[in-house]
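**Q** structure, please.
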Amino acid sequence: MAKDKNYSIYISIDDKLGAERSLRKFKRLCESFGVVREYRKRKEFKKPSIRRIEKLEAAEKRRNKSASKMRRTSKI
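**A** Just a heads-up that it's a prediction; the model follows:
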């Protein structure tokens, strides 16, 4: 992906795909480009110190989760 984040998501709706399928395809593309994630991130301002703390907490949570999974599978 490029650094400038200027993307255009274009979906053509034709008789072959239909509106419902095209809508699902559009949602998948938005998720893959990170549109919703970026929107939520910019929705409110967070101080850099708060972001750093949240990032560390999320990493700790991921580590605990993976360690818990490893403990469960190693008992078998």
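
**Q** mind telling me what element residue 45 is part of?
**A** Secondary structure assignment for residue 45, by DSSP states H and E: no helix or strand.

**Q** run the chain-centre distance for the top helix by length along the chain.
**A** If you go by DSSP state H, the chain has its longest helix at helix 48-74. Distance, stretch centre to chain centre, for helix 48-74: 17 Å (CA atoms, centre = their mean, to the nearest Å).

**Q** check stretch 9-19 too.
**A** 24 Å.

**Q** can you check stretch 37-49 too?
**A** That offset, for stretch 37-49, works out to 14 Å (CA atoms, centre = their mean).

**Q** would you mind writing the CA trace of it as PDB?
**A** Presented in PDB, the C-alpha positions along stretch 37-49 are these (Å, rounded to 0.1, in the frame of the first residue of the first chain):
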ATOM      1  CA  ARG A  37     -10.600   1.500  11.200                       C
ATOM      2  CA  GLU A  38      -9.300   4.900  10.100                       C
ATOM      3  CA  TYR A  39     -12.700   6.500  10.700                       C
ATOM      4  CA  ARG A  40     -12.800   5.200  14.200                       C
ATOM      5  CA  LYS A  41      -9.300   6.300  14.900                       C
ATOM      6  CA  ARG A  42     -10.000   9.900  13.700                       C
ATOM      7  CA  LYS A  43     -13.400  10.100  15.400                       C
ATOM      8  CA  GLU A  44     -11.900  11.500  18.600                       C
ATOM      9  CA  PHE A  45      -8.500  12.900  19.500                       C
ATOM     10  CA  LYS A  46      -6.400  10.900  21.900                       C
ATOM     11  CA  LYS A  47      -3.200  12.100  23.300                       C
ATOM     12  CA  PRO A  48      -0.100  10.200  22.200                       C
ATOM     13  CA  SER A  49       0.600   9.000  25.700                       C
END
